[in-house]
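Trainee: Predicted model and sequence below, questions to follow.
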Amino acid sequence: MSNSSPSEPALELDPKLLEILVCPVTRATLIYDREKQELVSKAAGLAYPIREGIPIMLPEEARELSDAERGG
């Protein structure tokens, strides 16, 4: 269904969307990881996936951050 090629850059999120999205667990701001296509909540220790340009803001879909990713 997608016409993207393997060499095509990752989808970008709308900056306005990034401004209003917060972690559903802690309400903390999120960090956009373009390379991994995730929105990271260091406060909750979770990384929410972005699939086909859509942030999946469900805690049960999030990946737990490693100790190194948490910053300590």
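Mentor: Nice, thanks for sending it over. Residues are numbered from 1 along each chain as shown.

Trainee: which residues in this protein form helices?
Mentor: For the chain, the helices defined by DSSP state H cover 15-20, 67-70.

Trainee: contacts for the last one?
Mentor: Just to be clear, that refers to helix 67-70. Contact with helix 67-70 is made by V40, K42, G45, A47, as judged by CB atoms under 8 Å, 6 or more residues apart in numbering. In this view, the C-beta of every residue, glycine as well, is placed from N, C-alpha and C.

Trainee: list the contacts for the second one?
Mentor: It refers to K42. Contacts of K42 by CB under 8 Å, 6+ apart are A28, I31, L65, R70, G71.

Trainee: With adjacent residues omitted, what lies nearest to L17?
Mentor: Closest residue to L17 apart from its sequence neighbours, by CB to CB, 6 or more residues apart in numbering: P55 at 7.5 Å.

Trainee: distance between the biggest strand by length in the chain and the chain's centre?
Mentor: If you go by DSSP state E, the chain has its longest strand at strand 46-51. Centroid separation for strand 46-51 versus its chain: 4 Å, with CA atoms, centre = their mean, to the nearest Å.

Trainee: what's around V40, how many residues?
Mentor: Residue neighbour count, defined by other CB atoms under 10 Å, stands at 22 for V40.

Trainee: residues touching it, list them.
Mentor: The neighbourhood of V40, defined by CB under 8 Å, 6+ apart, consists of L30, I31, Y32, D33, L46, A47, Y48, L65, E69.

Trainee: Cool, thanks, signing off.
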